[in-house]
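**Q** Requesting a structural model of the entry that follows:
(one chain, ligands or ions: 2)
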Amino acid sequence: MAGVTLRGVEKRFDKTVVIKNLDLEVHEHEFMVLVGPSGCGKTTVLRMIAGLEEISGGTITIGDRVVNDLPPKDRDIAMVFQSYALYPHMTVRENLEFGLKIRRTPRAQIDRLVDHAAQLLGIAPLLERTPRELSGGQRQRVAVGRAIVRQPAVFLFDEPLSNLDAKQRVQMRAEIAKLQQRLQTTTIYVTHDQVEAMTMGQRVAVFKDGELKQVGTPMELYDRPATVFVAGFIGTPPMNFIAASITDGGATLTAPTFTLPVPATLRPVTDAAPGRRVVVGVRPENILDANREGRGETAAVEAEVEIAEPLGSEVIVHARAGDDMLVAKLDPHRHPAPGETISLVIELEALHLFDAETQQRLDRAPQDRAPAVVPAGNSAV
Ligand SMILES: Nc1ncnc2c1ncn2[C@@H]1O[C@H](COP(=O)(O)OP(=O)(O)OP(=O)(O)O)[C@@H](O)[C@H]1O
Ligand SMILES: [Mg+2]
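**A** Residues are numbered from 1 along each chain as shown. Ligands and ions are numbered 1, 2, ... in the order given. Presented below is the predicted three-dimensional model:
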């Protein structure tokens, strides 16, 4: 097994740069997810690691070998594609055996590897069927099985679950994560679905427009997104953003139609940037019903309900406060009607502050190395 390191990796198609100066280190045994919107370059990165796409600059290392000039078959990787790419005329067993036969693996070992993979994936009863006789989820399992029998140093997955229905996806994503924990094979997994990224990845790398924006554990990305983009991309429903200025020398956040006091925990940040135009981020789960007690310092806001979406465990309320729309996750048993004015409470210590100009998080400094962040609920009041 091996880690994968990308240093200054670039990809150009003719003159168009699609991957810019990419530095990324995937540790041995790690499950790394690459996530980002369509067209941001995820598949291109994976194909460059696999050797299916040449790199225009930089180096890619797998284990201790620079693989820039190695053909795919010598890179000790196995890739699972979105389209399962099974051979339709072969049985499941023949599909699983195919790559091993090409490598002239001895018969006894082939049988052992195939039986082991089939058992891991629960497809042993399907070995004599052809792909046509399988459901989408079963085909996906066979595609994963084909990667497992190869016993590669690295698994590469490109959106392997996108052809499955929602329920199968949830099931398979847990299965793939469990499988990786068991096999401990270094894995790079591409998806555009941030829920998949958060639930599966030990670390997640967020891409936009060919650039790596942030890499960290799911909770690091959630608690301390480095940019407005990452903040809006991670979390559902997405974070609310309010354009404001830091006023009163750092004591107040002033939006066009309302103000929020700055909590003591954020004063070091705002005091250092008086007058700055900022984007204030607040997650829907940090906006509460006024009758609920918030954590730490809070501020009350009145808002007019536009729609309420009951989800059973919670209700997602879209409400207007002045010129701003706020989306809040509220108690499901309270179902406000459109047009109703409701009193909300914002947990101020959970605010995220970004520079309006650069879109970067204002309090970036401690984030880069320190694993722990300001403990939530550490009220200074
Ligand atoms: N062979 C090619 N020639 C020219 N441009 C390409 C080629 N392959 C990909 N691109 C461009 O590179 C960019 C990144 O594409 P890529 O397929 O890596 O995106 P992606 O993040 O995987 O998107 P999706 O989520 O839609 O699969 C896109 O703008 C795409 O148009
Ligand atoms: Mg893709």
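**Q** Kindly list the longest helix within the protein.
**A** helix 166-183 (DSSP state H).
**Q** which strands and helices sit next to the following helix or strand past it?
**A** Using DSSP states H and E, the next helix or strand after helix 166-183 towards the C-terminus is strand 186-191. Using 3 or more C-beta pairs under 8 Å, 6 or more residues apart in numbering; DSSP states H and E, the elements in contact with strand 186-191 are strand 31-35, helix 42-50, strand 154-158, helix 194-200. In this view, the C-beta of every residue, glycine as well, is placed from N, C-alpha and C.
**Q** To residue 58, which of those lies closest?
**A** The closest of those to residue 58 is helix 42-50. By C-beta to C-beta, the value is 9.2 Å.
**Q** quick one: stretch 43-57 to chain centroid distance?
**A** The chain centroid and the centroid of stretch 43-57 are separated by 21 Å under C-alpha atoms, centre = their mean, to the nearest Å.
**Q** circling back: next, the buried residues of the longest helix of the chain.
**A** 168-169, 172-173, 175-177, 179-180 (16 or more other C-beta atoms under 10 Å).
**Q** follow-up on the earlier one: and of the helices and strands packed on strand 186-191, who's closest to residue 127?
**A** strand 154-158 (21.7 Å).
**Q** And that closest one, what does it pack against?
**A** So strand 154-158, by 3+ C-beta pairs under 8 Å, 6+ apart, packs with helix 42-50, strand 77-80, strand 186-191.
**Q** That strand - what's its average pLDDT?
**A** Average pLDDT, strand 154-158: 95.
**Q** can you list the residues that contact it?
**A** 1-2, 4, 42-43, 46, 49-50, 62, 75-82, 147, 176, 180, 185-190 (C-beta atoms under 8 Å, 6 or more residues apart in numbering).
**Q** For residue 70, give its distance to residue 213.
**A** Here residue 70 is placed at a distance of 29 Å from residue 213 (C-beta to C-beta, to the nearest Å).
**Q** If you count surrounding residues, which of those two has more?
**A** residue 213 (19 against 14; other C-beta atoms under 10 Å).
**Q** give me the number of residues near residue 13?
**A** 10.
**Q** ugh, wrong one, I meant residue 311
**A** For residue 311, using other C-beta under 10 Å, the count is 9.
**Q** can you list the residues of the stretch 1-150 of the chain near ligand 1?
**A** 13, 18, 36, 38-44 (C-beta under 6 Å from any ligand atom).
**Q** can you do 8 Å?
**A** 11, 13-14, 16, 18-19, 36-47, 53, 82 (C-beta under 8 Å from any ligand atom).
**Q** Can you select the buried ones from the residues you listed in PyMOL?
**A** Listed next is the PyMOL selection for buried residues among those, using 16+ other C-beta under 10 Å:
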select buried, resi 11+18+19+36+40+41+42+43+44+45+46+47+53+82
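**Q** Adding mean pLDDT and distance to residue 23, write the helices and strands packed on strand 154-158 out as JSON lines.
**A** Listed next are those as JSON lines, based on pLDDT from 0 to 100; distance: least, C-beta to C-beta, whole Å:
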{"stretch": "helix 42-50", "mean pLDDT": "96", "distance to residue 23": "12"}
{"stretch": "strand 77-80", "mean pLDDT": "92", "distance to residue 23": "20"}
{"stretch": "strand 186-191", "mean pLDDT": "97", "distance to residue 23": "15"}
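**Q** between those, which gets nearest to residue 228?
**A** Nearest to residue 228, of the helices and strands packed on strand 154-158 and by C-beta to C-beta, is helix 42-50 at 20.4 Å.
**Q** Give me the contact list for the closest one.
**A** With C-beta under 8 Å, 6+ apart, helix 42-50 has contacts from 4, 6, 9, 11, 18-19, 22, 34-36, 53-55, 60, 62, 72, 75, 77, 79, 154, 156, 158, 188, 190-192, 207.
**Q** and the closest residue to ligand 1 within the stretch 251-381 of the chain, what is it in contact with?
**A** Using C-beta to the nearest ligand atom, the closest approach of the stretch 251-381 of the chain to ligand 1 is made by residue 359 at 20.5 Å. Under the criterion of C-beta under 8 Å, 6+ apart, the neighbours of residue 359 are 227-229, 279.
**Q** tally of neighbours for the closest residue to residue 174 other than its chain neighbours?
**A** Leaving aside its chain neighbours, residue 174 sits nearest to residue 199 (7.9 Å; criterion: C-beta to C-beta, 6 or more residues apart in numbering). A count of nearby residues for residue 199, using other C-beta under 10 Å, gives 14.
**Q** any idea how far residue 199 is from residue 214?
**A** 18 Å.
**Q** try residue 298
**A** 28 Å.
**Q** thought residue 347 was touching residue 286?
**A** Yes - the pair residue 347 / residue 286 is scored as a contact, 4.3 Å apart, by C-beta atoms under 8 Å.
**Q** Now the common contact residues for the two.
**A** Contacts common to residue 347 and residue 286, judged by C-beta under 8 Å, 6+ apart, are residue 294.
**Q** Would you map the strands across the stretch 101-250 of the chain?
**A** 154-158, 186-191, 203-208, 211-216, 240-247 (DSSP state E, counting those that start in this stretch).
**Q** Neighbouring strands - and their directions - for the second one?
**A** Neighbouring strands of strand 186-191 in its sheet, by DSSP bridges, are strand 31-35 (parallel), strand 154-158 (parallel).
**Q** In that strand, which residues are buried?
**A** 186-191.
**Q** pLDDT wise, what is residue 368 at?
**A** pLDDT, residue 368: 42.
**Q** What is the burial count for the closest residue to ligand 1 within the stretch 151-300 of the chain?
**A** When scored by C-beta to the nearest ligand atom, the stretch 151-300 of the chain has residue 192 as its residue closest to ligand 1, at 4.5 Å. Per other C-beta under 10 Å, the neighbour tally for residue 192 reads 18.
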